[in-house]
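Participant: one predicted model, sequence on top.
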Amino acid sequence: MIQNTNMQIKIMMMRMMINIKKVVITFIVVDLALIFLSLYMGNNWLISSQSAFFASILVTLASFLGYKKMIEKKIALGDIPKEDRDDIEIIEDRHDLYTKEEDFKTIIKEERAKITNIKTTAQNLGKSLGGAMSIFRLLAYGVLFLSFLYLNRHGMLNIAAYLVGLAVVPLVALGSMLFKEVKE
């Protein structure tokens, strides 16, 4: 049983590393395309787009690390329970519908009460604040802000290029997710 779980974890980690490599390669290809476009548009376009691109990458990585650290902490404290069911059971009963003996109206009322409860919302916000306000994320936003100010102060800021550089990272991430969903 333990050996089977360890093998599943190794397989999952290998798949995750392959996905990360694909996303990194996609970022590099898109950034090279952005560089070639920027060379055509001029030096200020290149400097603005690349500084925004790298600041956006920093913010994304910092957000990932902050939330990863928060989730690992919650798992260590036991706030997030480990699944006792095997993978096949989870896939077949993704929303845990068959293990509960309650009727659906009761379940819906309970879930709505959880969502609309202001106290619960405030507690969830407080729990996730650690990931949102991690030092890495704050520093990454500082780099983004300071790069904008530096380029603006020295007359090198091209707003359109800066916005394109900022938009590349979330668009590539979204496109990768959508492509992965379509592929599966």
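Facilitator: Received it, and whenever you're ready, just let me know what you need.

Participant: low-confidence stretches in this protein?
Facilitator: Within the chain, the stretches with pLDDT under 70 are 1-10, 12-13, 16-17, 78-105, 112-133, 180-184.

Participant: cutoff 90 now
Facilitator: 1-44, 60-138, 169-184 (pLDDT under 90).

Participant: what number of residues lie near residue 157?
Facilitator: Each residue near residue 157 was counted by other CB atoms under 10 Å, and the total is 19. All C-beta spots, glycine's among them, are computed from the backbone N, C-alpha and C.

Participant: can you give me the distance of the nearest residue to it once chain neighbours are set aside to residue 160?
Facilitator: Excluding the flanking residues, the one nearest residue 157 by CB to CB, 6 or more residues apart in numbering is residue 151, at 3.9 Å. Using CB to CB, to the nearest Å, we find residue 151 at a distance of 13 Å from residue 160.

Participant: circling back: only the buried residues of whatever helix or strand the residue nearest to residue 157 lives in, if you could.
Facilitator: Element membership for residue 151 (DSSP states H and E) is helix 135-153. Of the residues in helix 135-153, 136, 137, 140, 144, 147, 148, 151 count as buried by neighbour count, 16 or more other CB atoms under 10 Å.
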